[in-house]
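# Mind looking at a prediction? Sequence and model below.
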Amino acid sequence: MSQTTHRERLRAETERDIRRQARALLVDHGREAVTLRAIAREVGITAPALYRYYDSREDLLRRLCDDICQDLEAELYAALAPFGEGGGHEEVYAVCRGFRRWALAHPQEFSLVFASPENVIGTVGPDRLKVGDQFGKVFLEVAGRLIVKHEHPRGEELPEPPEVLHADLRAFRQGMIGTVTARGVEVDEESLRLGTLFQILQSWVRLYGHVALEVFGHFPVAVSDPEPMFDAMLASLLVSMGIEE
């Protein structure tokens, strides 16, 4: 039994070492540098030996994405910690600013998780928030909690979303209800009208778009400091969801 435990411990340590080296290559040289041959050279094993731990390079990249997403999720929840359960709109600012701060500090990790075709985020089906959904999960939790607790949510005043999106938004609503209730906040379908959900989804897209433009250096005009634009966008998003400071 002790020999088996020792082998398992060695295997786990080697797996972690492989992912550490893969992440170092990613950070220093970009996704294309993350090859099995390069990782094997850094770890001190042969490239074929890596297949004992990961089925393929794509499998390794998916596991690396999981590690990165766990780090991001921990950082976002740490940003929420000072507010307890009653941060209100300040929680939205904290999560969104935290995501932007993390993305700018980790452009290669951001690119791997959020800009790789196989890791697309933001789809609305109940089973389609896969790798890269950690920001989405925390953002939706905070937004949903804020809407439920707000005294005068204006969901009934928001424009009706296009009918073609109704089925997707209903599926999205079920996922969001699960996300929010898992954190101890009771929410039902009446609290999350389709118009409200549509605004939340649009807000999510706008946030991601702004951050991606900054990370990739594709801002449409030269802006010396995009942060005030980001904060102004956050303020307008709260208003668009029927929540004012």
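Looks like it arrived, so ask away. Numbers count the residues shown, from 1 in each chain.

# Report the separation between the closest residue to residue 161 other than its chain neighbours and residue 179.
With sequence-adjacent residues excluded and distances taken as C-beta to C-beta, 6 or more residues apart in numbering, residue 161 is closest to residue 198, at 3.8 Å. Every residue, glycine included, has its C-beta placed from N, CA and C. Note on residue 198: its distance to residue 179, by C-beta to C-beta, to the nearest Å, is 17 Å.

# before we move on, the earlier item: isn't the residue nearest to residue 161 right next to residue 164, touching?
No - judged on C-beta atoms under 8 Å, residue 198 makes no contact with residue 164 at a distance of 11.8 Å.

# Look at the two and report which has more neighbours.
Between residue 198 and residue 164, counted using other C-beta atoms under 10 Å, residue 198 has the larger neighbour count: 22 against 7.

# From residue 163, how far out is the more buried one?
From residue 198 across to residue 163, the span is 12 Å (C-beta to C-beta).

# Next, residue 146: secondary structure please.
Of the three states, residue 146 takes helix under DSSP: H, G, I helix; E, B strand; the rest coil.

# I'd say it and residue 94 touch.
No - using C-beta under 8 Å, residue 146 is not in contact with residue 94; the gap is 11.7 Å.

# For residue 19, give me the pLDDT.
Listed pLDDT for residue 19 reads 95.

# Relative to residue 172, how far out is it?
Taking C-beta to C-beta, one finds residue 19 at 32 Å from residue 172.

# what about the two, which has more around it?
Counted by other C-beta under 10 Å, residue 19 and residue 172 do not tie: residue 172 has more neighbours, with 24 against 19.

# Look up the closest residue to residue 165, ignoring the ones flanking it.
Nearest to residue 165 is residue 198, by C-beta to C-beta, 6+ apart, at 7.0 Å.

# Show me this protein divided up by domain.
With automatic domain parsing as the criterion, the domains of the chain are listed as 1-54, 62-240.

# Most tightly packed of these?
Ranked by mean neighbour count, the domains of the chain are led by domain 62-240 with a mean of 17 (mean count of other C-beta atoms under 10 Å).

# Off-centre distance for stretch 229-242?
Centre-to-centre, stretch 229-242 and its host chain are 19 Å apart (C-alpha atoms, centre = their mean, to the nearest Å).

# Oh, that last question was meant for stretch 64-76, not what I typed.
Relative to its chain's centre, stretch 64-76 lies at 8 Å (C-alpha atoms, centre = their mean).

# For residue 224, which three-state class applies?
coil.

# next one: phi and psi at it?
Phi and psi for residue 224, reported as degrees, to the nearest 10, are phi -70, psi -30.

# cool, and residue 93?
phi -60, psi -40.

# now do residue 218
Dihedral pair for residue 218: phi -110, psi 30, per degrees, to the nearest 10.

# That one: what's it in contact with?
residue 212 (C-beta atoms under 8 Å, 6 or more residues apart in numbering).

# Thank you kindly, that will do.
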